[in-house]
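>>> 3D, please:
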Amino acid sequence: MVVGFRKPEAVVGIFAFEVSSVMSKLVHLWESLGYEQVDRLRKFMSDSVGLKELVSHDTDFIRGLIRGELFENMIPLTKFVARLGKNHCSDLRLKDFEHAVGDLINHGVDPFGSVLPYEEMGKEAKKMESFMSVAAVLHDRMKLVSHLEGTRNHMDGPIWLEIQNKIELKRLDVAKLKEESLWNMNFNYIGILLARSVFTIFNRIKSVCGVPQLMAKDTGHTSSTPSPSIFNKYKLFDAPPDTLGAAALALKFADIVILIEYLVRSPVYVYTTRRDKLYNMLPAKMRAMLSERLPPVQSSTCSSIKDVAAEKNVAMLEMLEWLAPLAHNTNKCHSMWKRKQKAYASTRSHVLLVQTLYFASQQKTEAAIMELIVGLQYKRRAAEMLCGLEDKAEASIVLEESKSVTV
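Residues are numbered from 1 along each chain as shown. Here you go, the predicted model:
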């Protein structure tokens, strides 16, 4: 705890938990912009076949999507710091905070010298993590006291007295935690800490991804400097049309791809038992198209079906090498989002939407899934027809045993 910043001013108090939540998001964003994470992201952009096949080959376009997501995540945090400064802080640097952020984004101007060096921001992140940890413990202790008080109200006699004694001890614990936590920090100190973090993270985003052009425009104002309402005027992060994100299908298609991945790597009889489940997961349009793509059994020989099935199996495995990671990242990103809805949940995953199916072309993703399903159908038909075997279960075993030869 930094005693030097203590002043006889209004303290954060009950806002401590909201401040802690904002700190958690800021720390997470800062970590996602660390040297190691940025190098990993650049490697993904360079190496990911799925990104190039389903989203774009244009590196500048991809970088713009990343920048848009990061800026979008920063907007509510910036608004929170602005409200905190206007309503609770006396430091003049915090009274016109959004204007100052706009100057930094559009013109590279840091009027108050708020942008911290990389190493210094790392120390500030550690400090905020410490505050968050104590706030989480305080939150739990306060909940426990509330629970005990509720239980006590339904008791009498010795039990009532026993619970009351526990409550008194826990209250002392809570009072000590309040003294040592964000609860007892003054608004100016916390406001400056958050403001410096916001400035530094925006500056880091600019350094990594460049400046979003949309931020340089402010409809209804002749000045090129954004007004305090600029963050209310623009939606920076709408998914482009014709993408799975725009159609709200990213998670659904991710589940389909993950099921197909499991079926491709499983014995044929597993596909036979899960075929209806896969079929029912498909959108109606894809189900209608599927019958046109199925292998013509009556007009095909066992040998031709077997040859095509072997080729399809190789193609399926190659396609899943680049498609499945995007699907798994989509599920991971969704799980991370759900955890964020819970108080003090840990979200250490740094998956960005560009690493998921969110920006994937719906048409291209549907085509890829159709190819995989057709490949599965050929694999099943080959098992049924292989060497004239009539027993499907025995045929699937033979096919699995011969996979190393045919693939």
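
>>> what about the helices in the stretch 151-300 of the chain?
Here the stretch 151-300 of the chain has its helices, by DSSP state H, counting those that start in this stretch, at 157-180, 187-209, 230-233, 250-264, 268-281, 284-293.

>>> Can you flag the weakest of these by average pLDDT?
Lowest mean pLDDT within these: helix 230-233, at a mean of 47.

>>> residues near the nearest residue to residue 44 once chain neighbours are set aside, how many?
Nearest residue to residue 44, sequence neighbours excluded (C-beta to C-beta, 6 or more residues apart in numbering): residue 355, at 6.2 Å. Quick note: C-beta positions are derived from backbone N, CA and C, even for glycine. A count of nearby residues for residue 355, using other C-beta atoms under 10 Å, gives 24.

>>> all numbers from here: first residue = 6
Noted, 6 is the first residue going forward, which turns the last one into residue 360.

>>> Please report how far residue 360 lies from residue 384.
Per C-beta to C-beta, to the nearest Å, residue 360 is found 29 Å from residue 384.

>>> about what we covered before: and residue 338, which of the helices of the stretch 156-305 of the chain is closest to it?
Residue 338 lies closest, by C-beta to C-beta, to one member of the helices of the stretch 156-305 of the chain: helix 255-269, at 8.7 Å.

>>> Can you list the neighbours in contact with the closest one?
If you take C-beta atoms under 8 Å, 6 or more residues apart in numbering as the criterion, helix 255-269 is touched by 249, 275-276, 279, 282-283, 286-288, 318, 321-322, 325, 328-329, 331-333, 335-336, 339, 361-363, 365, 370, 374, 377-378, 380-381, 384.

>>> now stretch 149-159
Residues outside stretch 149-159 that contact it (C-beta under 8 Å, 6+ apart) are 165, 168-169, 171-172, 175-176, 179.

>>> and those residues, which are buried?
The neighbour count (16 or more other C-beta atoms under 10 Å) marks 168, 172, 175, 179 as buried among these.

>>> Next, format the residues you listed as a markdown table and append distance to residue 185.
A markdown table is the format used below for these (distance: C-beta to C-beta, whole Å):
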| residue | distance to residue 185 |
| --- | --- |
| 168 | 26 |
| 172 | 21 |
| 175 | 16 |
| 179 | 11 |
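
>>> tell me, how many neighbours does residue 320 end up with?
By the criterion of other C-beta under 10 Å, residue 320 has 14 neighbours.

>>> now residue 78, nearest residue through space, not along the chain?
Excluding its sequence neighbours, the residue lying closest to residue 78 (C-beta to C-beta, 6+ apart) is residue 34, at 6.0 Å.

>>> Can I get the contacts of stretch 149-159 in JSON lines including distance to residue 208?
Formatted as JSON lines, the contacts of stretch 149-159 follow (distance: C-beta to C-beta, whole Å):
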{"residue": "165", "distance to residue 208": "58"}
{"residue": "168", "distance to residue 208": "52"}
{"residue": "169", "distance to residue 208": "53"}
{"residue": "171", "distance to residue 208": "49"}
{"residue": "172", "distance to residue 208": "48"}
{"residue": "175", "distance to residue 208": "43"}
{"residue": "176", "distance to residue 208": "44"}
{"residue": "179", "distance to residue 208": "38"}
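
>>> helices and strands around the helix or strand in which residue 81 is found, which ones?
Assigned by DSSP states H and E, residue 81 belongs to helix 64-93. Using 3 or more C-beta pairs under 8 Å, 6 or more residues apart in numbering; DSSP states H and E, the elements in contact with helix 64-93 are helix 21-37, helix 40-52, helix 102-112, helix 192-214, helix 235-238.

>>> Identify whichever of the ones you listed lies nearest to residue 119.
Taking the helices and strands packed on helix 64-93 one by one with C-beta to C-beta, helix 192-214 is closest: 4.0 Å.

>>> Packing partners of the closest one?
Using 3+ C-beta pairs under 8 Å, 6+ apart, helix 192-214 is in contact with helix 21-37, helix 64-93, helix 102-112, helix 123-157.

>>> And that helix, how far out from the chain middle?
21 Å (C-alpha atoms, centre = their mean, to the nearest Å).

>>> just stretch 149-166 next, same as before
Distance, centroid of stretch 149-166 to centroid of chain: 42 Å (C-alpha atoms, centre = their mean).
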